[in-house]
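Asker: test case, fold it:
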Amino acid sequence: MTSRGLIVSAVRSGAGKTTIALGLMRAFARRGLTVQPYKCGPDYIDPAFHAFAAGRPSFNLDSWAMSRGFLSDLVARHPAELVVTEGVMGLFDGAGGRGATSDVAASLGWPVVLVLDVKGQIETAAAVALGCANFRDDVGIAGVILNRVASARHLAMIRPAFDRVGIKLFGGVPNDVRFALPERHLGLVQAVETADIETRLDAVADALEQSLDLEAIRHSAHPARLADAAAGGLPPPGQRIALAQDRAFSFMYPHLLDHWRSAGAEILPFSPLADEAPDASADAIWLPGGYPELHAGALAAASRFLDGLRRAAARSVTIHGECGGYMVLGQGLEDADGRRHAMAGLLQLETSFARRRLHIGYRRARLCVDCALGSAGNEIMGHEFHYARTLSIGDEPLVDCRDVSGAVVPEVGACRGSVSGTFFHAISRGLIVSKGSS
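Answerer: Alright, predicted model coming up:
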């Protein structure tokens, strides 16, 4: 399989690219194709929906945090008959001149299927598509899917403008409230929490079958243009890694687990919400991000889980928490109603959701000490996205952290003994610095 692929993108967030991408994944998978999903950028919620839609794990392709060789390695190791990649934000929107969906398209040679929300539009839609087609010479537009089409007459009024500018129109999808996915403050409600996820995916796939030229979309896909593979994944923090996995701890980049397993590590899932302790034989424990603030009372009462963490820390087992996991390693977490819940107490961190404040952006972090993320001096590329406030912190800083412009950000993480945590989610390794170098 040559990984013929395409990228579903749009001119802005909210235009319907997630819904269309999911519908295409499910529709092609139902036709018997092996469909490999990907997500551009640092999102960790959409890939879980992709996995339901396509029946295969979805991986992030992040052109800000990953080298072209690392992107190529991810694609080469997951061949499929058809690759469907969902973009991020608008097609050309990135961070600091990098990280846009268009950068992934240019790097891998996959054409873009552009989703346009045409509510209240007619010929302007063709003008927007033409502007996108001409904006970058190294990014090709395979064609356009019109979303939120009001009627057959509406579609008929739009079509001549696309014929005139010479851009392929794959069809138009009607506006349908059944396609909307429930949301909360960090994005979509998680796939595992969406009880009717299969019904919703089938409904979208049915609509696309009826309204789009799926064969034309499939044949517009191009083989991936791969560079020499290059390492970039984080080394596994241990040989046997106890991984918290449930509705409170679900924000884990799939490519990290894929890399750890390929390096020979064993993943040992456990559920803190079910009051399960991490496996006593684990030599590393990883608490991903998620929604601990929605389950703070249950986590505070999970004595087997918390005692298991404390016993592991006393044995100097490597323990790392990201974002929500970091907060659970702290002293206490204040929920949105202002109630404080005692957490593991392994770090001197107090956090609060009582007065929310958005923290978002890519992070380039240089490690100050040896920890689960690597050796002191090495760089980690990551992304921070949360609403928590830090009320107090008293441990040794874990990282010197910068944003895309190189400016220092308040996020320094924390380290005490074998326990560490950060608000940012690690994506890949950056610069590797040998010990003793300056």
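Asker: low-scoring stretches of the stretch 1-150 of the chain, by residue?
Answerer: 1-2 (pLDDT under 70).
Asker: quick one: the strands in it?
Answerer: 4-10, 35-40, 59-61, 82-86, 112-117, 141-149 (DSSP state E, counting those that start in this stretch).
Asker: contacts for the fourth one?
Answerer: Residues outside strand 82-86 that contact it (CB atoms under 8 Å, 6 or more residues apart in numbering): 3-8, 17-18, 21, 24-25, 28, 33-40, 46, 50, 54, 61, 75, 104, 110, 218, 221, 224. Bear in mind the C-beta positions are built from the backbone N, C-alpha and C, glycine included.
Asker: one more time with 7 Å
Answerer: For strand 82-86, contacts defined as CB atoms under 7 Å, 6 or more residues apart in numbering pick out 3-8, 17-18, 21, 24-25, 28, 33, 35-40, 46, 61, 110, 218, 221.
Asker: do the same with the longest one
Answerer: Counting by CB under 7 Å, 6+ apart, the neighbours of strand 141-149 from elsewhere in the structure are 6, 15-16, 20, 111-119, 125, 129, 132-133, 155, 158, 162, 167-175, 212, 220.
Asker: drop anything exposed from those.
Answerer: 6, 15-16, 20, 111-118, 125, 129, 132-133, 155, 158, 162, 167-174, 212, 220 (16 or more other CB atoms under 10 Å).
Asker: among these, name the ones in helices.
Answerer: 20, 125, 129, 132-133, 155, 158, 162 (DSSP state H).
Asker: for the residues you listed, which one is nearest Leu71?
Answerer: Leu71 has its nearest neighbour among those in Cys132, at 21.9 Å by CB to CB.
Asker: quick one: contacts for the closest one?
Answerer: 11, 91, 114, 141.
Asker: can you put those residues in CSV and add distance to His295?
Answerer: Shown next, in CSV, are these (distance: CB to CB, whole Å):
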residue, distance to His295
Val11, 37
Leu91, 37
Leu114, 39
Ile141, 44
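Asker: top of these by neighbour count?
Answerer: Highest neighbour count within those: Leu114, with 27 neighbours (other CB atoms under 10 Å).
Asker: surely it meets Ala129?
Answerer: Yes: the criterion here is CB atoms under 7 Å, and Leu114 meets it with Ala129 at 5.9 Å.
Asker: which ones are touching the closest residue to Ala161 other than its chain neighbours?
Answerer: Leaving aside its sequence neighbours, Ala161 sits nearest to Ala126 (CB to CB, 6 or more residues apart in numbering; 3.5 Å). Residues in contact with Ala126 (CB under 7 Å, 6+ apart) are 161-162, 165, 167.
Asker: any idea how far Ala126 is from Gly264?
Answerer: Applying CB to CB, to the nearest Å, the value for Ala126 to Gly264 is 53 Å.
Asker: over to Met66?
Answerer: 22 Å.
Asker: between these two, which one's more packed in?
Answerer: Met66 (25 against 8).
Asker: go ahead and confirm the more buried one touches Gly233.
Answerer: No: the criterion here is CB under 7 Å, and Met66 misses it with Gly233 at 9.4 Å.
Asker: what's the overlap in contacts for these two?
Answerer: With CB under 7 Å, 6+ apart, Met66 and Gly233 have common neighbours Ser428.
Asker: Tyr326 reaches Thr422, doesn't it?
Answerer: Yes: counting by CB under 7 Å, Tyr326 does reach Thr422; the two are 6.0 Å apart.
Asker: for stretch 218-225, give the mean pLDDT please.
Answerer: Mean per-residue pLDDT for stretch 218-225: 97.
Asker: can you list the buried residues in it?
Answerer: Buried-residue list, stretch 218-225, by 16+ other CB under 10 Å: 218, 220-222, 224.
Asker: same check, this time on stretch 365-380
Answerer: 365-368, 371-374, 377-380.
Asker: narrow these to those in strands?
Answerer: Judged by DSSP state E, the subset of the buried residues of stretch 365-380 located in strands is 365-367, 379-380.
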